[in-house]
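K.L.:
Here is a sequence together with a model predicted from it:
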Amino acid sequence: MQSGQIKHNNTGRIGIINRYAKYLPVTKKTPVITLCEGNTPLIFASKISNTLGVNFKVYLKYEGLNPTGSFKDRGMTLAISKAKEEGMSAVICASTGNTSASAAAYAARANMKCVVVIPEGAIALGKLAQALIHNATVIAIKGNFDDALAIVREISDNYPVRLVNSINPNRIEGQKTASFEICDSLNGAPDFHCLPVGNAGNITAYWKGYKEYYSYKKIESLPVMLGFQAKGSAPIIKGKPIKNPKTIATAIKIGNPASWQQAIDARSESKGLIEAVSDNQILQAYKILAKEEGVFVEPASAASVAGLFMLNKTGYFDKYKTKTKEIRIVCTLTGHGLKDPEIAIKNIKTPKVVESKMQTILKAAGIK
Ligand code: F0G
């Protein structure tokens, strides 16, 4: 445990390493670099559940409530702690934004240099602000995420700087703890798990977590994994890399996912699916989550719920609508909506401007 850190009970926010050390590649010698990530809420979504049917229970794993506002913190606490343990003094990553925000924050805590390579003009403003304020060296390239990843892989292979993208196995190890938390909260595994797929590290991590909990007999079943890419960036569905991926969900604008094979394995081993959702479907789910469930996420995160709605519409869940057996579905909401306020404002009506008078305001507000 890091010096000065308060020891909480096992259900508090003690960080995923302290909470799940026995399932992670750490020893007493590992310096724990933590921001008390993890233990995010699993929120019951009553309205979304009702759209599926009376026996459906949909839960939202709100990963936007991690310290830097995304699920990346689970993997980053471990990747940075291990890099520190191994004597590294610098880390590097390519990013669509969230990885860079997380790497920058944890590197700052660890007194390590952090270099992030991002596609120019394709990062949500909040994420760029995070990387900069945490003092990372931010380099924007004239290229996309896939180009950036290829370059940082080569740099880390040849220079004394640790790669902290999800190709780093410690990232996957840390991120698998989200599955543990879900099973601990539900007292078992969900029936289905929906999540967005970009570089495919997270679906790999969740599936690893579920399989491990199953092998330790902590759960008695495994979920069906349902992954969703954005239609203009759907290499796994197309079966080939996409040269110029396109989507408003910039976090998952990726044409050649690093963990492609692992995502396919998760799909086939769990008898699941990886499908594509359109930007329109993503934006619709994005608005429903905010308007009806009170949960603000970034567009990429809404791909999980967009996928759930799409599968429901096409009859995928029909055979489970029996009214007898309860069907539990978890949707991971990977990042906070405040990361990308511009997209919210662009897609919603701007406020009415009126005179500063009570009667005018009452009328505009519809209060009689
Ligand atoms: N949702 C958000 C908000 C993300 O930032 C990412 C990935 C994903 C989903 C997809 O997860 O890559 O594990 O399949 N963001 C990376 C980044 C690529 O650089 O921040 P994945």
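P.N.:
Looks like it came in fine.

K.L.:
Write out the residues of this protein neighbouring the ligand.
P.N.:
Applying the criterion CB under 6 Å from any ligand atom, the portion of the chain that neighbours the ligand consists of 70, 72, 95-99, 166, 196-202, 251-252, 298, 300-301, 334-335. All C-beta atoms are positioned from the backbone trio N, CA, C, and that covers glycine.

K.L.:
The stretch 1-150 of the chain: helices as residue ranges?
P.N.:
Counting by DSSP state H, counting those that start in this stretch, the stretch 1-150 of the chain has these helices, from start to end: 16-20, 46-52, 72-85, 98-109, 125-133, 145-158.

K.L.:
So which residues of the stretch 251-368 of the chain form helices?
P.N.:
Counting by DSSP H, counting those that start in this stretch, the helices of the stretch 251-368 of the chain are 260-269, 279-293, 299-313, 341-347, 358-365.

K.L.:
The third one - contacts with which helices or strands?
P.N.:
It refers to helix 299-313. Using 3 or more CB pairs under 8 Å, 6 or more residues apart in numbering; DSSP states H and E as the contact definition, the elements that helix 299-313 packs against are helix 46-52, strand 192-196, strand 224-230, strand 273-277, helix 279-293, strand 327-333.

K.L.:
Poorly predicted segments of this structure, please.
P.N.:
Applying pLDDT under 70 to the chain picks out residues 1-11.

K.L.:
Nearest to Pro31, out of the helices of the stretch 251-368 of the chain?
P.N.:
Closest to Pro31 of those is helix 260-269 (CB to CB; 28.4 Å).

K.L.:
Now Asn165. Nearest residue, chain neighbours left out?
P.N.:
Cys93 (5.0 Å; CB to CB, 6 or more residues apart in numbering).

K.L.:
same check, this time on Ala107
P.N.:
With CB to CB, 6+ apart as the criterion, Ala107 has its nearest non-adjacent residue at 3.6 Å, and that residue is Cys114.

K.L.:
ok, that neighbour - how many residues close by?
P.N.:
25 (other CB atoms under 10 Å).

K.L.:
isn't it right up against Ala108?
P.N.:
Yes. Under the contact definition of CB atoms under 8 Å, Cys114 touches Ala108, with a separation of 7.4 Å.

K.L.:
joint contacts of the two?
P.N.:
Common neighbours of Cys114 and Ala108, counting by CB atoms under 8 Å, 6 or more residues apart in numbering, are His134, Asn135.

K.L.:
Span of stretch 18-35 from start to end?
P.N.:
11 Å (CA to CA, to the nearest Å).

K.L.:
What of stretch 320-330?
P.N.:
Terminal residues of stretch 320-330 are spaced 16 Å apart (CA to CA).

K.L.:
Now that stretch: buried residues?
P.N.:
Buried residues in stretch 320-330, defined by neighbour count with 16 or more other CB atoms under 10 Å: Tyr320, Ile327, Arg328, Ile329, Val330.

K.L.:
beta partners for the closest residue to the first one other than its chain neighbours?
P.N.:
Ranked by CB to CB, 6+ apart and with sequence neighbours excluded, the top spatial neighbour of Tyr320 is Ile327, at 4.9 Å. On the basis of DSSP bridges, Ile327 takes part in beta bridges with Phe56.

K.L.:
just to revisit the earlier point, do you know how far the residue nearest to Ala107 is from Ile141?
P.N.:
17 Å (CB to CB, to the nearest Å).

K.L.:
Kind regards, and thank you for your time.
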